[in-house]
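Enquirer: Show me how the following folds:
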Amino acid sequence: MTAHFPSIQSFYSREVPSDGIGDLFSPTEAGDGFTSSEVEALVNPLSREFRPSRHYDACPIADIQTGPHDYIITGRMVNFSMSGGPHRLSANASGYYFLVISDGTAAIAIKLYCNESEYRPLLGQRITIGHIPYCSIATTIHPGRNGATHIEFHVDEPGSDDDKLLRCPLEVNTEEYDYLSGLMTLKSFLASGYDLGEGKILVCVRSVGPRRTIHPRKREGTLDLVEVGVYDDTAHCVLKLWEDKIPSAKSWIPNRTILLISQPWCQVNHHSSRQNENSLDVGIGYSSMVDVDPDFPEAMWLRTKIQDLAKKERVLVPFPTNIWDVELAMHGPNRFLYTLAELEDQVRNDNPPGNFTGKLSVIVKELNLMDHWRKSTTCCTECCGIPLYAKNPIATCKNCDIRQDLSLNPRVIGSFLDESGMIAGNKLIWNDEAWTQFFFGAAYEEYATARAQESAAEQSWRKITAFDANSLRDLEAQLLYSRATLTFGWSVELGRLCILGVEW
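Expert: From the prediction side, this is the model:
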């Protein structure tokens, strides 16, 4: 019996004759034979899944041998730049990204040919490369040409195990580490260290400014600029990020993100806003390397130092929640009356008891209501790592243009004292209801009943900020040198005294 094989025509759909006019308005279009996944793989080769057909060896960058090899390399991006037009070697690529990747053992440069819209590089991002076409100190990758070559840009969840990988900078041997050569303080670098050209600075992000458009004097067009405030325990300055490096700063957290910048670009700015003083412009140059949140002893020390400095310099510390039962602390059976000296001895003990509550009978020694009212700093908060002050409890951040809810500035209270010592008011963390009880005293319950539709604390803020100079002066005179009982809670995590309530 003869076997029947399918003909070529059986793979095509039969053409149906039409009247000619209806086809012009027909919504159905003939396909080109490619699936959506195949089209996506060609149009956006960086998004395709890598399915290797042979074995790839995971290899540190320092152990790479010259020539074509089936390697898998994983590292973090420490620098990059975009080049276009004249350097096209691929018909569908408008340019290439020059990427510098480091895994702690060595660094390698990669020319990645792709469209600018396909990928947005980020400093500190984890990258995996499969199959090196020809490896030396630099290599070239065309994601759409060779199916065996692949590059993957990971998006790690902050705090995850993958996010903690490959954070060790170059020239740091974790087993026999002594010091990082070329590392200097920011103060030394700004003074004369930038003349060496091989220096390194370890800084913390202080603030991230808004995106600005700059019109350069010596070239046509515009440039985007973001100024990032950085500092260490000796000095502070501004790190300028231009154009394609701006998105990297979006994930940087003020007072938390640490940057190790090797060979930072530095230039004297003779157009400083300060008279008779030249400032330094610090940036990321072509030969610079930036390690984001590096993992080595000096970075751990700076992170701890920054946390201590942030506690001292922070404008407002939010009141901790879900730690104490305020009603039980104020009116419960176990209420202990402390003096300031007894409280200091207990919290400075070698074995502190943990979080606890108590009461203090103190006298209001100093108030600064009028001073802060004149300076328009009655209310405050922090946004984008920058202090935000206003007379009203709502203000707009000038950096991100987002409306923020402000709290009463704890510095309106100068100090409290008792028979054993004195405590500064700016060291205290106040509950909203405690502020209301402090300023309005016995009238607080009546006020809360009359304004039941809104919280009493919110109404008290409106009332305080609506006072004129005479009303604030009268309130300040009424509270000054009066005695009050403060119900407090000690927070071990914050190392601060939190005021839960006030009784007159």
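
Enquirer: In terms of helix, strand or coil, where does residue 298 fall?
Expert: Residue 298 carries the three-state label helix when classified by DSSP: H, G, I helix; E, B strand; the rest coil.

Enquirer: got any ranges where this structure has weak pLDDT?
Expert: Judged by pLDDT under 70, the chain has its weakly predicted residues at 1-54, 84-94, 115-118, 131-137, 143-148, 173-175, 269-278, 311-312, 350-353, 442-462.

Enquirer: Residue 438 is in contact with residue 501, isn't it?
Expert: No. Because the distance of 9.1 Å does not satisfy Cβ atoms under 8 Å, residue 438 is recorded as not touching residue 501. Quick note: C-beta positions are derived from backbone N, CA and C, even for glycine.

Enquirer: for the residue nearest to residue 125 when sequence neighbours are not counted, what are its contacts?
Expert: Taking Cβ to Cβ, 6 or more residues apart in numbering, and ignoring the residues beside it in sequence, residue 125 has residue 77 as its nearest neighbour in space, at 5.0 Å. Counting by Cβ atoms under 8 Å, 6 or more residues apart in numbering, residue 77 touches 99-101, 121-125, 127.

Enquirer: neighbours around the residue nearest to residue 317 when sequence neighbours are not counted, how many?
Expert: Nearest residue to residue 317 in three dimensions, chain neighbours excluded: residue 429, at 5.1 Å (Cβ to Cβ, 6+ apart). When neighbours are counted by other Cβ atoms under 10 Å, residue 429 registers 21.

Enquirer: List the beta-bridge partners for residue 429.
Expert: Assessed by DSSP bridges, residue 429 has beta-bridge partners residue 498.

Enquirer: Next up, the contacts around it.
Expert: In this structure, residue 429 makes contact with 317-320, 410, 491, 494, 496-499, judged by Cβ under 8 Å, 6+ apart.

Enquirer: Following the chain onward from the helix or strand where residue 127 lies, which element is next?
Expert: In this assignment (DSSP states H and E), residue 127 forms part of strand 126-135. The C-terminal neighbour of strand 126-135 among helices and strands, as given by DSSP H and E, is strand 138-141.

Enquirer: In that next one, which residues are buried?
Expert: Neighbour counts using 16 or more other Cβ atoms under 10 Å place 139, 141 of strand 138-141 among the buried residues.

Enquirer: re earlier: which of the contacts of residue 429 are buried? Put it as a ChimeraX command.
Expert: Isolation of the buried members of the contacts of residue 429 (16+ other Cβ under 10 Å) is achieved in ChimeraX through the command below:
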select :317,319,320,410,491,494,496,497,498,499
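
Enquirer: Out of the contacts of residue 429, which comes closest to residue 331?
Expert: Distance to residue 331 across those (Cβ to Cβ) is lowest for residue 499, with 15.8 Å.

Enquirer: The closest one: what's it in contact with?
Expert: The contact partners of residue 499, taken as Cβ under 8 Å, 6+ apart, are 428-431, 434, 486-488.

Enquirer: Farthest pair within these?
Expert: Spanning the widest gap among those are 429 and 487, at 13.1 Å by Cβ to Cβ.

Enquirer: Tell me which residues touch residue 399, please.
Expert: By Cβ under 8 Å, 6+ apart, residue 399 lies in contact with 207-210, 383-384, 386.

Enquirer: Repeat the analysis, applying 7 Å as the threshold.
Expert: Contacts here follow Cβ atoms under 7 Å, 6 or more residues apart in numbering; on that basis residue 399 touches 209-210, 383-384, 386.

Enquirer: Quick check: residue 318 is in a helix.
Expert: No. According to three-state DSSP, the state of residue 318 is coil, so it is not within a helix.

Enquirer: right, and residue 73 touches residue 57 too?
Expert: No. Shown here, residue 73 and residue 57 do not form a contact pair, counting by Cβ atoms under 7 Å, at 9.9 Å.

Enquirer: who has more neighbours, the two?
Expert: Applying other Cβ under 10 Å to residue 73 and residue 57 shows that residue 73 carries more neighbours, namely 24 against 10.

Enquirer: picking that back up, closest to residue 355 out of the contacts of residue 77?
Expert: Once Cβ to Cβ is applied, the member of those that ends up nearest residue 355 is residue 124, at 36.1 Å.

Enquirer: Quickly note the distance from the nearest residue to residue 172 once chain neighbours are set aside to residue 229.
Expert: If you skip the residues right next to it in sequence, residue 172 has residue 296 as its closest partner in space, 4.8 Å away by Cβ to Cβ, 6+ apart. Here the criterion is Cβ to Cβ, to the nearest Å. By it, residue 296 lies 23 Å from residue 229.

Enquirer: Can you pick out the residue with more neighbours from these two?
Expert: For residue 296 against residue 229, the residue with the higher neighbour count under other Cβ under 10 Å is residue 296, and the figures read 22 against 19.

Enquirer: any idea how far residue 308 is from that one?
Expert: Distance check for residue 296 against residue 308: by Cβ to Cβ, it reads 20 Å.

Enquirer: Tabulate the contacts of residue 429 (CSV), appending distance to residue 195.
Expert: Conversion of the contacts of residue 429 to CSV gives the following (distance: Cβ to Cβ, whole Å):
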residue, distance to residue 195
317, 41
318, 44
319, 48
320, 47
410, 44
491, 47
494, 43
496, 43
497, 48
498, 49
499, 52
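
Enquirer: Now flag whichever of the contacts of residue 429 is closest to residue 172.
Expert: Here the nearest of the contacts of residue 429 to residue 172, counting by Cβ to Cβ, is residue 494; it sits at 32.8 Å.

Enquirer: State the three-state secondary structure for that closest one.
Expert: coil.

Enquirer: what's it in contact with, if anything?
Expert: Taking Cβ under 7 Å, 6+ apart as the contact definition, residue 494 lies against 317, 320.

Enquirer: Check residue 431 too.
Expert: Contacts here follow Cβ under 7 Å, 6+ apart; on that basis residue 431 touches 319, 499-500.
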